[in-house]
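**Q** The sequence and its predicted three-dimensional model are supplied below.
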Amino acid sequence: MLKENHKIILRFQRVADLLITAGCFTLAYFIKRNMLPAQFSGLTTTPNYYIVLLSIIIIWYISFNWFEFYGSSREHRFSWFLINTIKACTAGLLVLNICLFIFHVGDMSRLLLGIFFVLNVSILVAFKWGIMKAVQQMRAQGFNTRNILIVGTRVRAQSLIQSIEKNKMGGYRILGCFDTDPEKIGLRVFNKHKILGTMDMLREYLKNNVVDELIFAMPLKIIEDADKYIVIAESMGVRVRIIPDWQLHYLAYVPQVANIHIAEFSGVQTLTLQSTPLNEGMLLIKGILDYGLAFIFLVIGLPIFMLISLAILLVSPGPVLYKQKRLGKNGRQFDVLKFRTMVIDADQKLDELKALNEADGPTFKIKNDPRIIPFVGAFLRKTGLDELPQLINVLKGDMSLVGPRPPIPMEVDEYEIWQRRRLSMKPGLTCFWQIAPRRNELSFNEWMRLDLEYIDKWSLQLDFMLLLKTTGAVITGAGR
C-alpha cells in the first residue's frame, strides 16, 4: 500500500527538503552578514547570491536523488537517513565548489558555505527524525494500521509473518491464520499467531471482525472452491492478496468488481484484488484535504455552532451533542457526533415506533417522528445542519467529508454480503444519497447501490462536486 502511495509522498518530500535547503542557505547568509563577531561578519557584493541559491537547489535536488534520499521509513532505520543526509549534503557541497572553481567564482565565502552545510544537515536530520517519530507515535496509537488475515500455515505463511514482524514500522497487525484442516485450530503458526479456523468459517469471521486485507499464503489448488472465498472477500470490499505459485489457470474465476494487479507487500510480490479505488496517491490527497477543510469549516462555523447549541438548550433540556455508535472503514467502531434533534430518551422509545417504520431493509424512518424536538430539531434535520459536529469525527480520522454514511452496528448485522462493500471506504458526511431527489423515497437497496457507485467512480473531482451539491441542498433545505 505504501509503495502505491510512494509517488505522491515523494513529491511532498522533495518540495519540503528543497525548501529547507533554500531556507538554510538564506539563514546562513544572514548569520554571516549580520550575526557573527566583527572580524568574521560581512559579505562582498559578489558573487550573485541568487544565482548561487538557484545552483544549490539544482545540485541538491540531483544529489538527494543520487543517494536514494527518499527511502521508505517503514523499510529503513533512522541511521540510514542520517548517513544518507550527510552523504547527499557533502556531495552537493563538493559539486558546488567544483562549479565555483570552473566558473572562476573566487569571492564566495567558505565560512558561509560551512555555516550552510551545518545548518542544512542538522535541520534535514531533525526534520526526518521528527517525521519518523510522529509516524511511530500515530501507529502506536492504532492510527493508519491495517488488520491482516492470512490463509495458510506452512512455510509460505510463516515467512510472510516473519517479514511483517521484522518490519515494525509497517503498521500491519496480524489477526491470525486460517487453514483447511479443522484439527489444526488453535495451534501456533509462528510466534504468538494461531490458527483461528477453517475455510468454511472464513465468511463469518470476515463479517464479524475488522479485516482490511486477506492474504492467501498457500497454494490455491489445495483449497476447495478457493474462488468462492475470493468472491466473498471481494464482495465485502476486503483487499485480497495472493502469494502465487503462478498456476492460477484452474481457478474458474473472473472478478466482478475488483481490479487485479501485481503489488509488493512487506517485501513479497503478491497478486492483489482490490475493489476500492486503486489510486492510493489520490486517496492520500483526499485525506489531507479532509483534515484541512474540516479545520477551516469548524473555524468558520463556530458562530453557527454556538447559535444551534443555544437554540437546542432553550427548546429541550439535556446535552447539545448526541453520540451514537457507528461503524467506519471495514467495520471499525466509533462514536459519531450530531446535534441532538430528538428528546433525551429517544432511543428507549424506538421499540414503540418500529411498527410505523416507512423504510425497507434494516433502516428506520418515519415522516413525523414524535421524538423530534419541535421546530429546532425539524429545521436541523431538514437542512442537514445536525451533521455539522461530524467535522470533529473527520479531524479524529474516523470519517471523511465525502463517503457513504456510517451505519449503526445493528444495521450492518442484517446486510447482505454485497452490501458490506460500502464499508470498504471511510464513511463521510455526504454522498450520492444526500443529494438524490426524493431521497427518502429510495429503497434501501437503491441507497446501497448509490454508495457502491460512489466507491466505483470515486475521484477528487467527484468529491468536490458532491460537496458543492450538498451545500446547495443545505441552503434549499432539501433534506428531510
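**A** The structure has been received and is ready for your questions. It should be emphasised that the depicted structure is a prediction, and the values quoted were computed from it without experimental measurement.

**Q** How far off centre is the longest helix along the chain?
**A** In the chain, taking DSSP state H as the definition, the longest helix is helix 110-140. Centroid separation between helix 110-140 and its chain, computed with CA atoms, centre = their mean, to the nearest Å, is 25 Å.

**Q** avg pLDDT for that helix?
**A** For helix 110-140, mean pLDDT rounds to 85.

**Q** for stretch 398-417, same thing?
**A** On average, stretch 398-417 scores 90.

**Q** So that it lines up with my notes, have the first residue be 364 from now on.
**A** Renumbered: residue one is now 364, and that last one reads stretch 761-780.

**Q** Can you list the buried residues in that stretch?
**A** Neighbour counts using 16 or more other CB atoms under 10 Å place 761-770, 774-775, 778 of stretch 761-780 among the buried residues. For every residue, glycine as well, the C-beta is placed using N, CA and C.

**Q** List the neighbouring strands of the next helix or strand after the longest helix of the chain plus their orientation.
**A** Scanning forward in sequence from helix 473-503 by DSSP states H and E, the next helix or strand is strand 509-514. Neighbouring strands of strand 509-514 in its sheet, by DSSP bridges, are strand 535-542 (parallel), strand 576-579 (parallel).

**Q** Other residues contacting the last one?
**A** Counting by CB atoms under 8 Å, 6 or more residues apart in numbering, strand 576-579 makes contact with 509-515, 523, 569, 586, 589, 596, 601-606, 628, 633, all of which sit outside it.

**Q** before we move on, what about the longest one?
**A** Residues from elsewhere that reach strand 535-542, judged by CB under 8 Å, 6+ apart: 508-516, 520, 524, 527-528, 548, 552, 556-562, 564-565, 568, 572, 574, 629.

**Q** what's the answer for stretch 680-688, then?
**A** With contacts defined as CB under 8 Å, 6+ apart, stretch 680-688 is touched by 671-672, 675-676, 696-707, 752, 771-772.

**Q** at 10 Å what do you get?
**A** 668, 671-676, 696-710, 736, 749, 752, 755, 769, 771-773 (CB atoms under 10 Å, 6 or more residues apart in numbering).

**Q** any idea how the chain splits into domains?
**A** By the assignment in automatic domain parsing, the chain contains the domains 365-503, 509-638, 644-839.

**Q** Among the buried residues of stretch 761-780, list the two that are farthest apart in space.
**A** With CB to CB as the measure, no two of the buried residues of stretch 761-780 lie farther apart than Leu764 and Tyr778, at 24.0 Å.

**Q** What segments of the stretch 664-813 of the chain are helices?
**A** Assigned by DSSP state H, counting those that start in this stretch, the stretch 664-813 of the chain shows helices spanning 665-678, 713-716, 739-746, 753-759, 772-776, 795-798, 807-820.

**Q** Need those in JSON lines (columns: distance to Leu684).
**A** Listed next are the helices of the stretch 664-813 of the chain as JSON lines, based on distance: least, CB to CB, whole Å:
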{"stretch": "helix 665-678", "distance to Leu684": "8"}
{"stretch": "helix 713-716", "distance to Leu684": "19"}
{"stretch": "helix 739-746", "distance to Leu684": "12"}
{"stretch": "helix 753-759", "distance to Leu684": "9"}
{"stretch": "helix 772-776", "distance to Leu684": "20"}
{"stretch": "helix 795-798", "distance to Leu684": "21"}
{"stretch": "helix 807-820", "distance to Leu684": "26"}
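
**Q** right, and those helices - which one's nearest Asn428?
**A** Of those, nearest to Asn428 by CB to CB is helix 753-759, at 34.9 Å.
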